[in-house]
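K.L.:
Have a look; sequence and predicted model below, questions after that.
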Amino acid sequence: MIFGEKLKTERKKKEWSQEDLAAKLFVSRQSVSKWENGQNYPSIEVIINISDLFGVTIDELLRSDEELTKKVISDSKKLAYPRLKVLFDVLFLVGVALLVIKLGVLLLNKVTPWDIALFGGKFLWNFGSLILMVGAGIGSGILKEKYKQD
C-alpha cells in the first residue's frame, strides 16, 4: 500500500475529514489531498505527527512508499553536515567583512583628512578577504558535491 492510500485509510478509520486531519497537522486541506492522491509528500516532521496521530510506526508509513522513502533520505542528506555549512558561511562573511572594512578605510582616507591605519599587516588586508571567500566557496562546493554523492 502506498503512503497516500495508507493515509486515507487511517483517516477514514478515525472518521476524520481532510480538513480535520489538516487542522491537527497544522497544514492546509489541499496538502492532505495532495498527499492522499500521491501528488506530493509531507516532510519528516509531519510524518512523525501522522505516526503519532494514527498510532502507526514511522517505519510502516515510510516502507509503504518507495518514493516517500527516497524523499526522506534526500531531505536528511541536506541536513547531514550543518555545522560544516555554517563554518563555510561564517568564513565567507568574515572575508566580506574584511573587504568592506578595508574599502571603507581607504575611502575615508581618500575623502577626509584622517589617516586611519589598518593593523595586522598588509598581507591580511590585501589577501585575507580573498583567501577566506575563495576558501569558503571551494569548501561549500566540495560539501555540495558530497551531498550529491551521499
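P.N.:
Nice, I can see it. Numbers count the residues shown, from 1 in each chain.

K.L.:
Okay, domains of this structure per the record?
P.N.:
For the chain, whose domains are defined here by automatic domain parsing, the residue ranges read 3-77, 80-149.

K.L.:
Contacts for the worst-scoring helix or strand of the chain on mean pLDDT next, please.
P.N.:
Ranking every helix and strand in the chain by mean pLDDT, DSSP states H and E puts helix 66-78 at the bottom, with a mean of 78. By C-beta atoms under 8 Å, 6 or more residues apart in numbering, the residues outside helix 66-78 that reach it are 3, 41, 43-44, 47, 61-63, 147, 150. All C-beta atoms are positioned from the backbone trio N, CA, C, and that covers glycine.

K.L.:
And for Val94, nearest residue in space, chain neighbours not counted?
P.N.:
Leu132 (5.6 Å; C-beta to C-beta, 6 or more residues apart in numbering).

K.L.:
If you count contacts, what does the helix or strand that the one you found is a member of end up packed against?
P.N.:
For Leu132, the element it lies in under DSSP states H and E is helix 129-149. The criterion is 3 or more C-beta pairs under 8 Å, 6 or more residues apart in numbering; DSSP states H and E, and the helices and strands that helix 129-149 contacts are helix 82-111.

K.L.:
relative to helix 129-149, how tilted is the helix it packs on?
P.N.:
When axes from the mean of the first three to the mean of the last three C-alpha atoms, to 10 degrees is applied, the directions of helix 82-111 and helix 129-149 differ by 160 degrees.

K.L.:
Off-centre distance for helix 82-111?
P.N.:
Relative to its chain's centre, helix 82-111 lies at 24 Å (C-alpha atoms, centre = their mean, to the nearest Å).

K.L.:
and it, which residues are buried?
P.N.:
Neighbour counts over helix 82-111 (16 or more other C-beta atoms under 10 Å) mark 85, 88, 91-92, 95, 98-99, 102 as buried.

K.L.:
same check, this time on stretch 69-78
P.N.:
Judged by neighbour count (16+ other C-beta under 10 Å), stretch 69-78 contains these buried residues: 71-72.
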